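# Provided below are the primary sequence and the corresponding predicted coordinates.
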Amino acid sequence: LEPLPVDKVIAGLPAAIENLKEDNWLNAAEAIMTTDIVAKGTSRRITLGGKQITITGISKGSGMIHPNMATMLGYIATDAAVSQAALESIIHYAVNKSFNCITVDGDTSTNDSLILIATNQAGNTEIIENNADFITLRDALTDVAIELAQAIVRDGEGATKFMTVSVEGGRDEAECRKVAYAIAHSPLIKTAFFASDPNLGRILAAIGYAGVDNLDVNALKLYLGDVLVAENGGRAAAYLEEQGSAVMKEPEILVRVDLARGNAECTVWTCDFSYDYVKINADYRS
C-alpha cells in the first residue's frame, strides 16, 4: 500500500474551499474519476408540502465493482429538511436497491463510500420516518441512487453491453440474489454476452451452482429478453437460436429467471467482459 501525500491534500484544501460553488457538480464528478470514461451525475426536483425539493448526485466507478459497493464513490445531496433518523433509514433502503445491486467484475475494494447529505434549506416541514413525505423523498432519492449505480455499470471497464439480471419466483430474496449474482459474476457468461453468443448452457450452469437448496430445474424458466429459451429441464421446444442471437446483439439485454418456488424477486445489473477489460487491468495500476 502506498500512503497518500497528506501534506499535498492539506495544502490544497484552502483553494478547494475558495472554489465552492452551487454549480460545481460537474467539476466534482470529473475530479473523482479514475478509469471512468464519462463523469456521472443526475439531478431532479420534487414537491413536498408545497416546497420544491432538489436532489443531486454524482458517482465514480468503472472497475472493481461488486455488490456491497467496491471501488466506487457516491455523493447525493438534497436541500430537504429531514430528520437524522429518517435520513439513515433512507440511505440504507436506497443503497440496497442500487449500489449493492451492481457488479462489473466481482472484485471489491476497501475504498468505497456513499454519502447522503441534507442541508435543510428547502423550507419544508421536517420529514420524519414513515409519513407520506418520507416515502416520496425515499423513493426519489432511491431513483437517483439507481441511476448513478447503473451509470457505473454502463461505464464498466471495456463494457459494450448493459445487462439486467432479474430473478423471480424465489422463496426469499436471498436465494434470488444467489442466482442473480452467479449469472452476473460468471466470466464465461460475460464473455459470451460480449460475443453476442446466446450460450444457454453457461447461464443454466450458473443457476445450478448458485447454491439454492432443493432447486427443481424442471420447474424453472429462463428468458432472454421476452424469448423463453429454457423450460422443463432443457431447451424450450419453440426456441430458435436466431431468436437468442437477435436479443444478444442488443446493447441492453434482460436475462430473466423464474425459479417457480415462491414470490420473492431480485434484480442486479452488470456488463460484459471485452478485450478492453483485460487491456485496462493489465496496464493500469493504482
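Cool, the structure landed.
# okay, now the domains of this structure?
Here the domain assignment for the chain is 32-154, 162-283, based on automatic domain parsing.
# is it true that residue 164 touches residue 252?
Yes: between residue 164 and residue 252 there is a contact under CB atoms under 8 Å: 7.5 Å. (C-beta placed from N, C-alpha, C; glycine too.)
# which helix is the longest one in this structure?
If you go by DSSP state H, the chain has its longest helix at helix 132-154.
# after the helix or strand containing residue 206, next one along is what?
Secondary structure assignment for residue 206, by DSSP states H and E: helix 200-209. Using DSSP H and E, the helix or strand that follows helix 200-209 in sequence is strand 221-224.
# could you list the residues in contact with stretch 23-39?
For stretch 23-39, contacts defined as CB atoms under 8 Å, 6 or more residues apart in numbering pick out 40-41, 43, 56, 58-63, 71, 73, 75, 151, 155, 157, 280, 284, 286.
# measure it end to end?
15 Å (CA to CA, to the nearest Å).
# distance between it and the chain's centre?
Put simply, stretch 23-39 sits 18 Å off its chain's centre (CA atoms, centre = their mean, to the nearest Å).
# and that stretch, what's buried?
By 16 or more other CB atoms under 10 Å, the buried positions in stretch 23-39 come out as 25, 29, 32-33, 35-36, 39.
# now render those as CSV, adding secondary structure and distance to residue 201.
Below are the buried residues of stretch 23-39 laid out as CSV (DSSP: H, G, I helix; E, B strand; the rest coil; distance: CB to CB, whole Å):
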residue, secondary structure, distance to residue 201
25, helix, 46
29, helix, 41
32, coil, 40
33, coil, 38
35, coil, 32
36, coil, 34
39, coil, 39
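# what's the most distant pair in those residues?
Spanning the widest gap among the buried residues of stretch 23-39 are 25 and 35, at 20.9 Å by CB to CB.
# thinking again about what came up before, show me which of residue 164 and residue 252 is the more surrounded one.
Each of residue 164 and residue 252 has its neighbours counted (other CB atoms under 10 Å); residue 164 has more, 17 against 10.
# check the residue lying closest to that one once chain neighbours are set aside and give its pLDDT.
Of all residues not flanking residue 164 in the chain, residue 254 sits nearest, at 4.9 Å (CB to CB, 6 or more residues apart in numbering). Here, the pLDDT recorded for residue 254 equals 97.
# same thing with residue 69?
For residue 69, the predicted pLDDT is 55.
# and residue 251, by the same measure?
Residue 251 is given a pLDDT of 95.
# tell me, how many neighbours does it end up with?
Residues lying near residue 251 (other CB under 10 Å) number 10.
# correct me if wrong: it contacts residue 162.
Yes: using CB under 8 Å, residue 251 is in contact with residue 162, at 6.7 Å.
# helices of this structure, residue ranges please.
Remark: helices assigned in the chain by DSSP H are 6-18, 25-31, 84-97, 132-154, 173-185, 187-194, 200-209, 241-248, 275-283.
# nearest to residue 50, of those helices?
With CB to CB as the criterion, residue 50 lies closest to helix 132-154 of those, at 10.8 Å.
# list the buried ones in that closest one?
Residues of helix 132-154 classed as buried: 133-134, 136-138, 140-154 (neighbour count, 16+ other CB under 10 Å).
# quick one on the thing from earlier: weakest of the domains of the chain by average pLDDT?
Ranked by mean pLDDT, those bottom out at domain 32-154, which scores a mean of 90.
# what's the span of it, first residue to last?
End-to-end distance (CA to CA), domain 32-154: 17 Å.
# from memory residue 204 sits against residue 221, does it?
No: between residue 204 and residue 221 there is no contact under CB under 8 Å: 11.1 Å.
# common neighbours of the two, please.
Joint contacts of residue 204 and residue 221 (CB under 8 Å, 6+ apart) are residue 230.
# ok so, going back, out of the helices of the chain, flag the one nearest residue 51.
Closest among the helices of the chain, using CB to CB: helix 132-154, at 9.9 Å.
# now do the longest helix of the chain against helix 173-185, angle only.
Angle, helix 132-154 to helix 173-185, by axes from the mean of the first three to the mean of the last three CA atoms, to 10 degrees: 30 degrees.
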